[in-house]
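Student: my questions concern the predicted model and sequence given below.
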Amino acid sequence: MTPSRQSGGRKPGGKPKGANLDFIQALAQIEDEKGIPVAALMEAIEMALVSAYRRNFGTSQNVRVELDAETGEFRVFALRQVVEEVTDHRVEVSLEEARQTDPAFEIGDTLETEVTPREFGRIAAQTAKQVVLQRIREAERGVIFEEFSSREGDIVTGVVQRQEGRNYFVNLGKTEAVLGPSEQMPGERLRPGERLKVYIVEVRKTPKGPQIFLSRTHPGLVKRLFELEVPEIHDGLVEIKAITREPGSRAKVAVASRDPNVDPVGACVGAKGVRVQAVVRELKGEKIDIIPWSDDPNEYVGNALRPAKVLETVLEPAEKVARVVVPDYQLSLAIGREGQNARLAAKLTGWRIDIKSELQVLEAREVTEEPGLGESEGGDEDVYPIEPQVEGGPAQGEGKSD
């Protein structure tokens, strides 16, 4: 960078000294309250004033605006480069003329001449105010983005503000968030002013500020609700291993204990069901099955089909199919209404489940005259397939209650 030297000029055309000092004090207060450094504010104001000067005084000169950090005065300097032969007097100055100001000038140096207009104080004040307000808005947006982006995958309590089309806008205190139609629980109707817990799915940074997307259907909502209601989960004694749900209808939660003296299912249910019912109320009556997790697939599949009782389970690991026998009178219970119980069990365990009653197995054995469970009549019609879920992803089942 070539050295620059200032020549004499008119006195600054800034605001009265008292008002300028108030302005500097206001910048210091903004730094304390909003965390925006005074130096950054001053730099932004100076850059904006350069554009304001050119716009209002119709000049193509190279100029620099200086805001004095002590007095708060605004000064404008025209910048001209020292050259041997001047071709444009607006941006260049001869070496001879420059040395009349300071004999130390050399070719390539920059001569600064103060050109502050008398009426520049009013323009500077308006421009500075706009810049400060804009920087405050940007800083507040940045704070909100940082706060909520760090809370992705967590739950917050919000107040329903309004409905626009099929979207609900929820007030989270410092900002609004969107609850889209695909993230709303089926049949749930929200009213303005209603308080509810929501799951933060994603936070995006946009030119208009952070955009926060919420969910009431995400499995993580159930997990976070149980963490709030069950101290053993919060303390790490009980772990939620997997969750799957059909929002608004039913969910299954597999839990395990890290302490042999702690019953994971009992801890989640609570005395007289008080803990699980608190979660159910928040989910507007969604039923929750809490089942013990097991690393033995036979036991795990049997547990997942609760409340039905499983008599026998035969696994076919190559095809990831579990063939299950239940009592005749519990076949419909094991399958569930429209296959819901079996479908959720399959998603929870990761095994495709083929459910047969004792009578169906006996009939199949008579036909094939072979020991075992027999082949399922009708092929895959009786098999309840899983829908693969990526571990740790948005579809990963985690937490629900009965």
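Tutor: That came through fine.

Student: for burial, what's the neighbour tally of the residue nearest to residue 358 when sequence neighbours are not counted?
Tutor: Using C-beta to C-beta, 6 or more residues apart in numbering and skipping residues adjacent in sequence, the residue nearest residue 358 is residue 328, 5.5 Å away. Heads up, the C-betas are built off the backbone N, CA and C, glycines and all. Using other C-beta atoms under 10 Å, the number of residues around residue 328 comes to 11.

Student: domains in the protein, by residue range?
Tutor: 4-142, 151-215, 219-384 (automatic domain parsing).

Student: and residue 189, its phi and psi?
Tutor: When read as degrees, to the nearest 10, the backbone of residue 189 gives phi -110, psi 120.

Student: what sits against residue 99?
Tutor: residue 105 (C-beta atoms under 8 Å, 6 or more residues apart in numbering).

Student: would you say it is within a helix?
Tutor: Yes - the assignment for residue 99 is a helix, going by DSSP: H, G, I helix; E, B strand; the rest coil.

Student: coming back round to it: let's have the domains of the chain in CSV, adding mean pLDDT.
Tutor: Below are the domains of the chain laid out as CSV (pLDDT from 0 to 100):
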stretch, mean pLDDT
domain 4-142, 78
domain 151-215, 92
domain 219-384, 88
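
Student: most tightly packed of these?
Tutor: Most buried of the domains of the chain, by mean neighbour count (mean count of other C-beta atoms under 10 Å): domain 219-384, with a mean of 18.

Student: quick one: that domain to chain centroid distance?
Tutor: 31 Å (C-alpha atoms, centre = their mean, to the nearest Å).

Student: so where do the helices sit in the stretch 101-250 of the chain?
Tutor: For the stretch 101-250 of the chain, the helices defined by DSSP state H, counting those that start in this stretch cover 120-149, 219-229, 231-234.

Student: only C-alpha atoms, please: export the second one in PDB.
Tutor: Coordinates of each C-alpha in helix 219-229 appear next as PDB, following Å, rounded to 0.1, in the frame of the first residue of the first chain:
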ATOM      1  CA  PRO A 219     -39.700 -39.700  16.400                       C
ATOM      2  CA  GLY A 220     -37.200 -37.500  18.100                       C
ATOM      3  CA  LEU A 221     -40.100 -35.500  19.600                       C
ATOM      4  CA  VAL A 222     -41.100 -38.600  21.600                       C
ATOM      5  CA  LYS A 223     -37.600 -39.200  22.700                       C
ATOM      6  CA  ARG A 224     -37.100 -35.700  24.000                       C
ATOM      7  CA  LEU A 225     -40.500 -35.800  25.800                       C
ATOM      8  CA  PHE A 226     -39.500 -39.000  27.600                       C
ATOM      9  CA  GLU A 227     -36.100 -37.400  28.500                       C
ATOM     10  CA  LEU A 228     -38.100 -34.500  30.200                       C
ATOM     11  CA  GLU A 229     -40.500 -36.900  32.000                       C
END
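
Student: so where does residue 255 fall, helix or strand?
Tutor: strand 250-257 (DSSP states H and E).

Student: what angle separates that strand from helix 219-229?
Tutor: 50 degrees (axes from the mean of the first three to the mean of the last three C-alpha atoms, to 10 degrees).

Student: what pairs with residue 81 across the strands?
Tutor: Under DSSP bridges, the beta-bridge partners of residue 81 are residue 92, residue 110.

Student: which ones are touching it?
Tutor: 2, 91, 92, 93, 108, 109, 110, 111 are the contacts of residue 81 under C-beta under 8 Å, 6+ apart.

Student: CSV for those, including distance to residue 264?
Tutor: Formatted as CSV, the contacts of residue 81 follow (distance: C-beta to C-beta, whole Å):
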residue, distance to residue 264
2, 73
91, 77
92, 81
93, 83
108, 78
109, 78
110, 74
111, 80
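
Student: from those residues, which is closest to residue 312?
Tutor: Residue 312 has its nearest neighbour among these in residue 2, at 89.3 Å by C-beta to C-beta.

Student: about what we covered before: for the residue nearest to residue 358, phi and psi?
Tutor: Residue torsions, per degrees, to the nearest 10, at residue 328 are phi -50, psi -40.

Student: pretty sure it contacts residue 361?
Tutor: No - Residue 328 is beyond contact range of residue 361, at 10.1 Å (criterion: C-beta atoms under 8 Å).

Student: neighbouring contacts of the lengthiest strand in the chain?
Tutor: Identified as the longest strand of the chain according to DSSP state E is strand 195-206. Contact with strand 195-206 is made by 145, 148-149, 151-160, 170, 177, 179, 183, 190, 210-216, 218, 220-221, 224-225, 282, 394, as judged by C-beta under 8 Å, 6+ apart.

Student: rewinding a little: partner strands of the strand holding residue 255, parallel or antiparallel?
Tutor: strand 238-246 (antiparallel), strand 287-292 (parallel).

Student: just put the ones you listed in TSV and tack on distance to residue 205.
Tutor: TSV is the format used below for the strands paired with strand 250-257 (distance: least, C-beta to C-beta, whole Å):
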stretch	distance to residue 205
strand 238-246	30
strand 287-292	36
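
Student: so for residue 57, which of those strands sits nearest?
Tutor: Comparing those under C-beta to C-beta, the one sitting nearest is strand 238-246, at 65.9 Å.

Student: give me the residues contacting the closest one.
Tutor: Taking C-beta under 8 Å, 6+ apart as the rule, strand 238-246 contacts 217, 219, 222-223, 226, 230, 232-233, 251-258, 262, 264, 267-268, 286, 293, 340, 343-344, 347-349, 389, 396-400.

Student: ok, stretch 311-328 next?
Tutor: 297-298, 301-302, 305, 308-310, 333-334, 349-359, 361, 372-373, 376, 383, 386.

Student: sitting in helices, which of those do you find?
Tutor: In helices, judged by DSSP state H, the following of the contacts of stretch 311-328 are found: 297, 298, 301, 302, 333, 334, 349, 358, 359, 361.

Student: quick check, nearest of the residues you listed to residue 237?
Tutor: Distances from residue 237 to the ones in helices among the contacts of stretch 311-328, taken by C-beta to C-beta, are shortest for residue 349, at 23.5 Å.
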